[in-house]
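Enquirer: Return atomic coordinates for the entry below.
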Amino acid sequence: MEALVAVGLAGNVVQFVQFASQLIQEAISIRRSGSPSSAPELRKLADSLTRQAQVLRTQLATGAQAQSLGPEDKYVLDVAAECEDAGNKFVAYLDEFIKQNPSTKPKVLQSVQASFKFFWRQQKIDEFAAKLDKLRSALSLGTILALRTTTTDYSDRILMRLRDLQVAGKVEAEQTVESRRAVQSLIDIIQEDSWDKLDTIQSHVRECLDKLDSLRHGLPQETEKGILRWLNFRQMSWRFEEVPLAYQKTFEWIYREPSDATWDDLSAHLGAENVCKPYWINGKAGSGKSTLMKFILHDFRTKKALKRWAGDDTEPVLIRFFFWNLGTSLQKSNTGMLRALMHAVLDRHPELIPAVFPSLYQNWDDSEADSQPTYVEMKRAFELLVEKSASFLKICIFIDGIDEFEGNHKDICMFLRSLVSTCVKLVVSSRPISACVSVFKGCPTLRLQDLTKRDMEIFVKGNLSSHESMVQLTKRFPQDACELVAEIKSKADGVFLWVKLVVRLLVDGLEAGDDMKDLRKKLRLLPPDLRDLYRRMMEKMQPEYQVQAAELFQLFQTWNLVTADEPFRTLTLAFAFQEPAEALKRDVGPLDLESSDWLHDNTEARIRSRCCGLIEVHRKHLIPRSGLQYAGRINQSVVNYMHRTVAEFLLSEDVWEEVCAKTQGSRFDPVRSLTYASLSMMKVEDGYKETGGSGPFRYLITLTKFLRRDFRLQPAEFTEVVDSADSTMARKRLLAHDQGISGISNRFEHWAADFFPVRTVVSSSLATFRQLGDVFGFAATAGLLPYIETLDGFKRQSYLFGYTLVVHALESWLPSPDFTSPMSLHERSDTLTYLLENAAKPEDAGLATCGLC
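Expert: Model prediction:
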């Protein structure tokens, strides 16, 4: 392109840009006013713009005939032609609209009709304005490139020619000096002249671009940014950022294929095409769920698996939200969750905003940013987001801490599950609260505390074993060092937070000069650092459940205190919630399967909803209930603290006072409830003489322990319970005899003779004592003094009866068999003293005269 042609072209481009800016401004004004009266003015501007585009095209086409055009010039020619074509079509469109405005109708009606038509055709005007904006920018950029290329080429040709003259001048010696001076002067003049012209053109173009930028303030991209600011909130990622990173090389197993069926393959889930269920990561408080979720989100293998799912035609998008109960209302609400998720997607794909918020987008004003999005509009918008992006996006959502959500857990679980489709994957984590257990039942899952022992070992070795002082201790005491690590893992019970706190405590001890003995002693004293975590969990408890939770805590603690930490069966707890009369009238015999399952499920649900995870139900069997024998069914699960430190937390003076204060003034008595629960367990246990930890006898022993501590039980109630236990054991003995169970030859002997044989008499008298056995002999052996005191006068009984009771009371002073527990000195002495004073006084005829000793 010749230099003069280039300068002329630049001037025409500047005029075109100015016309385009005026037309875009007019289009914006029309959209705001909606008035069709502006159509003629718009048509005039469009016609001027089209003629200017025609001038540009003609000018470039004429230059093309004279010489071949470069790529930049051809590009400008194409853009000018496209501008002319678009302008012609738009002018024709406006002419058609103006012609269709009939003049025969009344002016008011004509105006209304024209306004409606103009409103419906507004989109065409907006589309032309948007297209014109793009063409204007492209023409400006192409012109600058073409001018740069033209000027550079023109200068290069001149410089090349002048350098040729310089070479020729070298041959002619007499003209060498003058030629050089002339050439250099000419080069300087040409360069100065060319760059000045180019700078002038660029300054004009820059002016136009500045005007265009000022016009863009009201165009769509500003609306998109405003809506994104409206969705955003400062605390959106605070919880995620505060979650600690996984310790080196921990949680690597999550990307390996499971070696057994205890958990489901997460990598396979993320990469599978037709998965319509969420993946649920559940675990105890402090087990590391949030850290695992953060690890998965950061790891490249997650994105690799999602890419397999998305394929080549769609883009995988990974978004997440971490609930935080200690944060602001948005950090623990469903509205905050949806705002964060939508912001994450729309920030990457703002072109979706008009489709997701159609009404808001059309009527957006900066003042809208001051209003807060509501849950209803967020929910609807998210549904539209999923629908409108399905053709080109695959969305994977990670939601952490559903249990920290402040609201109806079941509602949010059901909403999240409803989002899952072939285009949406979902990975959630939470404690095993009732809502999650119910809604995510049958979904792929893993229980974190069962899978992190190796991770704990890595953490302990990396933070404790590698400590300089610990390295020296390990050299001296290698066996103790290994046992210390093993004990930490064992005591942790899958609570990674506990491990971290204990390791920190032990490291402090190392730096204070502790030796191996000190460390092991300190480890046995579980640290109180989890108090804040447990306190937080208790504060989250729903008010209507606080009294029931206090009752449950007291039941569990009383059971552990009285029974010396025997397993607390879920069924026992279920019976403890029932009224005493239920135990007394309960039939002797096994529960049917339906009743057993209902009691287990209902009690588990109560524990999950009332105890905020501090107390849990642990199942003993992984096989279905229907495949278990009866004993396995009723003993299939036990109640336990989430962690052993929970017991220390609950029993600390201030916390336990708060727990007990919630039941003060009520009729609740944990000892009384567990007394009747033990009676119920006696009745429903199968068998008779299974003394090795199963059968009704173990609950008979448990019953006696609670009876000895039940100081509120009235004498009549005490007698009623013992009589019911007596009749229960008698019934079971009779059934065992009739079934031919070995060791029960005499149908009419008392059941106590089978379990409490007399050891303080000569062998020749044993048969007599078996025949004399009765419920009072059992009461004397078991220290149930209130029952003996109800006996109406010993004088009316035979002298053998009194002496037999004394012998049974003496039996309690001997070492107890494995299936019983020793009574306190106070309990044994009170019973024996009472019998010696009332049943068989020492000064009366001795046992020797009866021929029994």
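
Enquirer: The stretch 701-850 of the chain: helices as residue ranges?
Expert: Secondary structure of the stretch 701-850 of the chain (DSSP state H, counting those that start in this stretch): helices at 715-738, 752-755, 766-772, 775-782, 785-789, 799-811, 825-838.

Enquirer: Kindly reformat those helices as JSON lines containing mean neighbour count.
Expert: Every C-beta, even on glycine, is put in place using the N, C-alpha and C of the backbone. Formatted as JSON lines, the helices of the stretch 701-850 of the chain follow (neighbours: other C-beta atoms under 10 Å):
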{"stretch": "helix 715-738", "mean neighbour count": "18"}
{"stretch": "helix 752-755", "mean neighbour count": "21"}
{"stretch": "helix 766-772", "mean neighbour count": "16"}
{"stretch": "helix 775-782", "mean neighbour count": "24"}
{"stretch": "helix 785-789", "mean neighbour count": "19"}
{"stretch": "helix 799-811", "mean neighbour count": "22"}
{"stretch": "helix 825-838", "mean neighbour count": "16"}
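
Enquirer: between the ones you listed, which one is nearest to Leu700?
Expert: helix 715-738 (6.2 Å; C-beta to C-beta).

Enquirer: between that closest one and helix 775-782, how many degrees?
Expert: 110 degrees (axes from the mean of the first three to the mean of the last three C-alpha atoms, to 10 degrees).

Enquirer: let's number from 12 now, not from 1
Expert: Happy to do that; since the first residue is 12 now, the last one works out to helix 726-749.

Enquirer: What helices and strands are in contact with helix 726-749?
Expert: Applying 3 or more C-beta pairs under 8 Å, 6 or more residues apart in numbering; DSSP states H and E, one finds that helix 726-749 makes contact with helix 591-596, helix 681-695, helix 707-720, helix 786-793, helix 796-800.

Enquirer: Got phi/psi on Val438?
Expert: With angles defined as degrees, to the nearest 10, Val438 sits at phi -120, psi 120.

Enquirer: contacting residues around it?
Expert: Val438 makes contacts with 277, 281, 289-290, 292, 304, 307, 407-410, as judged by C-beta atoms under 8 Å, 6 or more residues apart in numbering.

Enquirer: which ones among those are found in strands?
Expert: Mapping the contacts of Val438 onto strands (DSSP state E) picks out 290, 292, 407-410.

Enquirer: Just among the residues you listed, which is most surrounded?
Expert: Within these, Ile292 tops the neighbour count with 25 neighbours, counted by other C-beta atoms under 10 Å.

Enquirer: So what sits opposite that residue in the bridge?
Expert: Ser440, Leu457 (DSSP bridges).

Enquirer: wouldn't it be in contact with Val439 here?
Expert: Yes. Assessed by C-beta atoms under 8 Å, Ile292 is found in contact with Val439 at 7.1 Å.

Enquirer: Lys743 and Tyr710 touch, don't they?
Expert: No. Here Lys743 does not reach Tyr710: they are 11.4 Å apart, not a contact under C-beta under 8 Å.

Enquirer: quick one on the thing from earlier: is it possible to export the contacts of Val438 to TSV including distance to Lys421?
Expert: Supplementary listing: these in TSV, determined by distance: C-beta to C-beta, whole Å:
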residue	distance to Lys421
Leu277	25
Leu281	26
Pro289	14
Tyr290	19
Ile292	19
Met304	21
Ile307	25
Cys407	23
Ile408	19
Phe409	20
Ile410	15
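
Enquirer: ok, which stretches of the stretch 312-461 of the chain are strands?
Expert: 326-333, 404-411, 435-441, 456-458 (DSSP state E, counting those that start in this stretch).

Enquirer: What separation is there between His280 and Asp324?
Expert: 21 Å (C-beta to C-beta, to the nearest Å).

Enquirer: what about the two, which has more around it?
Expert: His280 (18 against 8).

Enquirer: which one is the more buried one nearest to, not counting chain neighbours?
Expert: Nearest residue to His280, sequence neighbours excluded (C-beta to C-beta, 6 or more residues apart in numbering): Tyr290, at 5.0 Å.
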